Every structure is written in C-alpha cells, then in structure tokens.
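Undergrad: no sequence on this one, just coordinates:
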Ligand SMILES: NC(=O)C[C@H](N)C(=O)O
C-alpha cells in the first residue's frame, strides 16, 4: 500500500481565520480553518501565530521561512493561510529567501466563515491540490485564490472586496478547477529562475514615499535620515517633480525608484529635471517591474545580507529576484 501524501497547513490568521468578534467591534482572526474534502491525505496543521495580515512584519516572514524549511523534508506540499492585505509581501519574502523543493502555496479568503459567500474552503482545497501536484514543484512559492495560480513575483492584490481580489501583470501562470471531486490543474507559464538570498537579519529600516503632483519633497529628508534605504513609488516610468532631484543626488543610501502605476517597468527615459534618466544619473536605482512594497522587501533583504549600494543596483538591474 502506498503512503498517503503529506500536507502541512501553516495557519497565520487573516480573514480566512476570522469571524465577527464577540465584543461587536468587527472581524478578528479567531479560528484556523480546516481543509475540506481531502480524502487520503495526511494533513498536519501548524499555527505559529494568528494575525490580521496588516500586523505581519518581516520578522514574522522570517519565522515562517524557518518553519517551512523545518517542515519541508517531511511533507509533499505546504499550504500557508494568510490575510490577503499583505499576502503578496509574505509570498515575495518567501520567494526571495526559501530554497525548498516542495511546493509552497499561499492562500486566504475575502469573506469570513459566517458570510453566505465564504470563499475560504474552496481556496484552501484548491491550494492543497496545487501544493500536492507534481507539476507545482520548482516554481517557487505560489498564490492560489479563486482558482487562479500566481507566481509570487508578479501577484498583487487588485481589489479591496471582490472574491477575485488578486491579479497583476501579466496575470496567472495557471488555473485549478474541479471536475466532480477531481482537481484539474493547468499551468500556462513557468516563472523565470530566481535567486535566493540568506540575509543575516531582516532589521534594516526601509521606508516608502509616495509621489504625487505638486510634491516638493515633504517627508524625504526625515525619512532619509532615519532609514537605511528608501523606495519611492514614483510617477509613470519612474519620474518625480524637479524638487526631488537634488535631494536624491545628496543621498548616499540606496534610493529605489518604483512606480505608483499598477503595471510596467521603471525605465530611465526622461531627461527633464526629475525625469527617470536624471534620477538614475543622480544615483537612484530603478525597481524594474517590482511594485514599491516588493522593492522594499528586496532592498531590506539585500541590506540584511550586507550588500553595498552598487551591489544592490546590480541585483535590481539584472532582475535577480
Ligand atoms: N481578506 C483579508 O484577509 C483581509 C484582512 N484584513 C487581512 O489581511 O488579514
């Protein structure tokens, strides 16, 4: 008789574990969900903490990565349940730091267990099937929501309330559906090979500034003084108002230019004061196609690994993530 597949389910909180709190103050994580209808699978539930995902920190992400590394040798797949608000950040932190052969699949829900349209059980079952499927190996951490399978590098939350809350450019790399009870899984794309990092710590201070029409640099000097590095969610292909150019030129710390536009790369094409070409000439580092919060995590991890500004520039320039 063959041994049943072994699945670890790591519960971290989020709406998928939430219910209205007895004090009437709104939803809070209370009870980890169980995977429904998984016959013949040995499920091992683990709950390192139970948080709403806005309370997640890089330290929790590090704790989760260490736990996954401990569980990986004895399991065929690992599912992580997580709040959706920062799910893409945890997924990307794992993508950058984990090097385990077993599939790791993050999921969550947009509706809680007492709502009519509770999406937790289906997402959990989908995530379990994806995690246990042999074709999922070697793709890095994946995110499964609403039947869509995303890679951690490009996935992002695109809606605050819809059940299909995740998207990102260029979109899902696969799809899981069910025919009766049987899972039907298709992959359309294989993520590019990724680099993994071993930071000595995750304590670097990296702040994000958000650009807008009429910004004259308010908040920049204070953030620059406190932080080890900055990320700016800039405009379009990575442009800023002219007033930011001398501020960036005077900064020795890494300043990453991401974009507040929801898709597309940052490219140094404009030569007016504050245009992307002038920011790069002043020392700034384009974030490639990473959004500001993923660029922040990459910078934090590279700083934690002791890289210099020029080594950090090379990682972003070569898309080594
Ligand atoms: N749908 C959710 O999970 C949202 C919740 N605020 C969280 O991220 O924990």
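TA: Okay, I see it. Note that the coordinates shown come from a computational prediction; the quantities given were computed from them, not determined experimentally. Residues are numbered from 1 along each chain as shown.
Undergrad: OK, contacts around residue 10?
TA: 46-48, 64, 67-68, 71, 78-81 (C-beta atoms under 8 Å, 6 or more residues apart in numbering). The C-beta positions use only the backbone N, C-alpha and C, and glycine is treated the same way.
Undergrad: before we move on, what about residue 247?
TA: The contact partners of residue 247, taken as C-beta under 8 Å, 6+ apart, are 217, 220-221, 224.
Undergrad: The same query, at a cut-off of 7 Å, please.
TA: If you count contacts by C-beta atoms under 7 Å, 6 or more residues apart in numbering, residue 247 has them with 217, 220.
Undergrad: So for it, what's the pLDDT?
TA: In this prediction, residue 247 carries a pLDDT score of 98.
Undergrad: if we can go back for a sec, just the closest of the contacts of residue 10 to residue 210, please.
TA: Distance to residue 210, by C-beta to C-beta, is smallest for residue 64 among these, at 27.3 Å.
Undergrad: How far does the helix or strand that contains the closest one sit from its chain's centre?
TA: Taking DSSP states H and E as the criterion, the element that holds residue 64 is helix 58-71. Its chain's C-alpha centre and that of helix 58-71 lie 14 Å apart, by C-alpha atoms, centre = their mean, to the nearest Å.
Undergrad: Give me the mean pLDDT for stretch 272-290.
TA: 98.
Undergrad: typo on my end, it should be stretch 169-180
TA: Per-residue pLDDT over stretch 169-180 has a mean of 96.
Undergrad: just stretch 102-119 next, same as before
TA: Across stretch 102-119, pLDDT averages out at 97.
Undergrad: re earlier: narrow the contacts of residue 10 to just the buried residues.
TA: Buried residues within the contacts of residue 10, defined by neighbour count using 16 or more other C-beta atoms under 10 Å: 46, 64, 67-68, 71, 78-81.
Undergrad: Identify, from those residues, the entry nearest to the ligand.
TA: In terms of C-beta to the nearest ligand atom, no member of these lies closer to the ligand than residue 81, at 9.4 Å.
Undergrad: State the pair within the buried ones among the contacts of residue 10 that is farthest apart.
TA: 71 and 81 (14.3 Å).
Undergrad: Can you name the helix or strand that the closest residue to the ligand within the stretch 1-150 of the chain falls in?
TA: Across the stretch 1-150 of the chain, the shortest distance to the ligand (C-beta to the nearest ligand atom) belongs to residue 83, at 2.1 Å. Residue 83 is part of no helix or strand when elements are defined by DSSP H and E.
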